[in-house]
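Engineer: Sharing a model prediction with you, sequence too.
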Amino acid sequence: MNMRQMVLGLSEGAPPTFDNFVPGRNAAALAALAALGTPAAADRCLYLWGEPGSGRSHLLTAWRTRHAGAGHCHAIDDVERLDAAAQIALFNLYNRARAGDAWLLVAGPCAPAQLTLRDDVKSRLSWGLSFEILPLTDDEKRAALSNRAREHGMPMTPEMLDYLLSRARRDMPSLIALIDALDMFSLETKRPLTLPLVRELLNQNQTLPL
Amino acid sequence: MSLASPSEPDTDPAATGIPVEFWARCTTQFQAELPRQQFETWIKPLKLGNGSAEFPPTEIELIAPNRFVQQWIRERYIGRLESLAAEYWGSPVRVLVTHVAPADTAPRTEPTLRKAASAESVVPNGAVADAGYAKTRLNQEYTFETFVTGKANQLARAAAVQVADNPGTSYNPLFLYGGVGLGKTHLVQAIGNQMIRRSPDARVRYIHAEQYVTDVVRAYQKKAFDEFKRYYHSLDLLIIDDIQFFNNKNRTQEEFFYAFNALIEAHKQVIITCDTYPREIAGIEDRLISRFGWGLTVAIEPPELEMRVAILLRKAESQGVVLDENVAFFIAKHLRSNVRELEGALRKLIAFSKFHARDITLEVARDALRDLLRVQNRAISIENIQKTVADFYRVKVPELFSKKRTADLVKPRQIAMYFAKELTSLSLPEIGESFGGRDHTTVLHAVRKITEARKSDNQLNHELHVLDQIIKG
């Protein structure tokens, strides 16, 4: 049990990048994000929002990593949690970005107008480009998981995918972590990937915060 | 002061004897009847023009400094003016209100275009002026020409133009207030840009209040207050944005107090913006607040539908995008609270159309803005309006539905109906139904009454302003 928890912990360490993000219906948002910080950008600021698990933090981290060397690229996640002082800092940062001195990527749980922040910060966030990051549909998740499993060299049957999608948490980070864990579990136990193996891992990990 | 005061008849060759005396008495009368600020804004700038030659005159002419004042006088004061004139001469006199040649309404050449035009044009973005211009911290895109005017901001714009034309002598300070994203920064920077255009050597500084606070702290740490003072006291125009950021910053307020006094005394222009009107600012010393009212205090209101459409069309044009009016109307109808939101939506629509290589049609706009609009529509419900208004006036929601007609209930009830009409797409009968089964004519009456009352009742107007912001979240 301990070992398996560790296994899951390890798999969560995979760094979020643009490559391991499944676009789904977010192609336009991804295009805007890819442009942010480059001369191709239509705007200096971009706001992404979406429900938990939709992938906004993933994208934020991926962008931050890509522009890690650039001091004028700023990414702020969970904007709704900023305290009063941090909101003012964001306000100033936004103005700097508007003036062309910085690039700004902000993510939050809802559309700018719905945020419980200072009005002047809120309206500024709604000024720039904003996109809702839409979570993948079940079919898209199925395709994404299947791809991920194939990359690990362990093709999954539709039954296994159905089983995962009906029993586990269905946000992508959890599902991807699960595929990675299945891979490790299969290697450790030296058993091929089968539905019983999937079932066994899931049952054993029910206590995990997956 | 470029406008001859009526009490100095020798400066006005057009005036002859009796009308001049009449006008002097008339202004004294208005001074007694009107709050000082209104007098200063509307009556004082008027200049006596050529009237009819006969005695007693059948008409006299008053010249307003601009079309906006002209219109305002015609709408509000013409009756009083004519009755004072009739009283003075004992026979009816027509009062004509004209305005001076509209120098400020003719579009001026954009700085970029002017650069090539003449040698004297040391313009904001010209190479010569770059370093100096950068110090102003102005954004050259913010000009009067790029400012879309409508009912909601025409008063503010007229005041800003006045100040730009007569810095330090017309309205000082100019205190501009309004909700977020309505164009305060644009307008005050337009004044700065205009001033630089006229006199490239003018020492103009735009600063956000938050930055000013930081500068005070820095001066404090470096013990560099002398330098700080010398700089701020030497300006020809100081624009300080979002002064509400000064709240409870005592040292900042003190420094600003000195700077303010020095500049005003030297007839240098001070311009202040704020998210609320002076009396409502929290955590600011009374001595500052009272000074804010020395000049002119003017509001920017949220833009009405036509203006929102105009903003979208203008903005699209500036980005080289042809926006169909129907599409502009569609966006403007759904996004009501501020200009930034409109611009954000437009930005998104353009990005969407480029990405999918689709022309901007109504259908594409619906697709592109679906997520934003869905949120908007969800946000404003009649229940939300009723609750917000009831809370604001400390009454209970069910009391709004009751048949009671006491003054403390009638006002919030009418205001809630007004907002229900303005902010939802419900029909009048539906709104009446939601207020305890009232007739739609009751709703209509309420809407008309509030619409009318907010024009003349500043307090009410302000309350509506605040409510509007709360309801829209």
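Structural biologist: Looks like it came in fine. Residues are numbered from 1 along each chain as shown, chains lettered A, B, ... in the order given.

Engineer: The residue nearest to B:Arg94 when sequence neighbours are not counted: how many residues sit nearby?
Structural biologist: Counting by C-beta to C-beta, 6 or more residues apart in numbering or on different chains, B:Arg94 lies nearest to B:Glu59, which is 3.9 Å off, once chain neighbours are set aside. (Each C-beta comes from the backbone N, C-alpha and C, glycine too.) Neighbour count of B:Glu59, defined by other C-beta atoms under 10 Å in any protein chain shown: 15.

Engineer: gap between B:Glu59 and chain A?
Structural biologist: 49 Å (C-beta to the nearest C-beta, to the nearest Å).

Engineer: Then B:Asn66?
Structural biologist: 30 Å.

Engineer: for B:Val188, same thing?
Structural biologist: Note on B:Val188: its distance to chain A, by C-beta to the nearest C-beta, is 14 Å.

Engineer: hang on, isn't the residue nearest to B:Arg94 packed against B:Pro92?
Structural biologist: No. Taking contacts as C-beta atoms under 8 Å, B:Glu59 lies outside contact range of B:Pro92: 9.6 Å.

Engineer: For chain A, just list every one of the helices.
Structural biologist: Counting by DSSP state H, chain A has these helices, from start to end: A:2-11, A:27-35, A:56-66, A:84-98, A:119-125, A:138-151, A:158-167, A:172-189, A:195-204.

Engineer: most tightly surrounded among those helices?
Structural biologist: Among those, ranked by average contacts under mean count of other C-beta atoms under 10 Å in any protein chain shown, first place goes to helix A:119-125 (a mean of 23).

Engineer: Output the lowest mean pLDDT helix or strand found in chain A.
Structural biologist: helix A:2-11 (a mean of 43; mean pLDDT, DSSP states H and E).

Engineer: just to revisit the earlier point, of the helices of chain A, which is nearest B:Arg230?
Structural biologist: helix A:84-98 (25.5 Å; C-beta to C-beta).

Engineer: contact partners of that closest one?
Structural biologist: With contact meaning C-beta atoms under 8 Å, 6 or more residues apart in numbering or on different chains, helix A:84-98 is reached by A:44-45, A:74, A:76, A:79, A:82, A:102-104, A:106, A:117-118, A:120-121, A:124-125, A:127, B:208, B:210-211, B:245.

Engineer: Repeat the analysis, applying 7 Å as the threshold.
Structural biologist: Applying C-beta atoms under 7 Å, 6 or more residues apart in numbering or on different chains, the contact partners of helix A:84-98 are A:44-45, A:74, A:76, A:82, A:102-104, A:117-118, A:120-121, A:124, B:208, B:210.

Engineer: Among those, which lie within strands?
Structural biologist: A:Cys45, A:His74, A:Ile76, A:Trp103, A:Leu104, B:His208 (DSSP state E).

Engineer: Wasn't B:Leu62 part of a strand?
Structural biologist: Yes. According to DSSP: H, G, I helix; E, B strand; the rest coil, B:Leu62 belongs to a strand.

Engineer: What separation do you get for it and chain A?
Structural biologist: Note on B:Leu62: its distance to chain A, by C-beta to the nearest C-beta, is 41 Å.

Engineer: just B:Phe257 next, same as before
Structural biologist: B:Phe257 is 22 Å from chain A, by C-beta to the nearest C-beta.

Engineer: Same question for B:Gln414.
Structural biologist: 26 Å.

Engineer: Tell me how far A:Thr137 lies from chain B.
Structural biologist: 16 Å.

Engineer: Report the separation between that residue and A:Arg150.
Structural biologist: According to C-beta to C-beta, to the nearest Å, A:Thr137 and A:Arg150 sit 20 Å apart.

Engineer: What helices and strands are in contact with the helix or strand containing B:Ala158?
Structural biologist: If you go by DSSP states H and E, B:Ala158 is part of helix B:154-165. Applying 3 or more C-beta pairs under 7 Å, 6 or more residues apart in numbering or on different chains; DSSP states H and E, we find helix B:154-165 packed against helix B:67-76, strand B:174-178, helix B:184-198, strand B:296-300.

Engineer: switch to 10 Å and redo it
Structural biologist: helix B:67-76, strand B:174-178, helix B:184-198, strand B:269-274, strand B:296-300 (3 or more C-beta pairs under 10 Å, 6 or more residues apart in numbering or on different chains; DSSP states H and E).

Engineer: residues in contact with the residue nearest to B:Arg94?
Structural biologist: With contact set as C-beta atoms under 10 Å, 6 or more residues apart in numbering or on different chains, B:Glu59 has these partners: B:Asn50, B:Gly51, B:Ser52, B:Glu82, B:Ala85, B:Pro92, B:Val93, B:Arg94, B:Val95, B:Leu96.

Engineer: picking up where we left off before, now for B:Glu59 and B:Pro92: what residues contact both?
Structural biologist: Here B:Glu59 and B:Pro92 have B:Glu82, B:Ala85 as joint contacts, going by C-beta under 10 Å, 6+ apart.

Engineer: Below-threshold pLDDT in chain A: ranges please.
Structural biologist: Chain A contains residues with pLDDT under 70 at A:1-14, A:170-171, A:205-210.

Engineer: separation between the residue nearest to B:Arg94 and A:Gly71?
Structural biologist: 69 Å.

Engineer: B:Phe435 contacts B:Ala420, correct?
Structural biologist: Yes. Using C-beta atoms under 10 Å, B:Phe435 is in contact with B:Ala420, at 8.1 Å.

Engineer: quick one: which of those two has more around it?
Structural biologist: Between B:Phe435 and B:Ala420, counted using other C-beta under 10 Å, the more crowded position is B:Ala420 (27 against 21).
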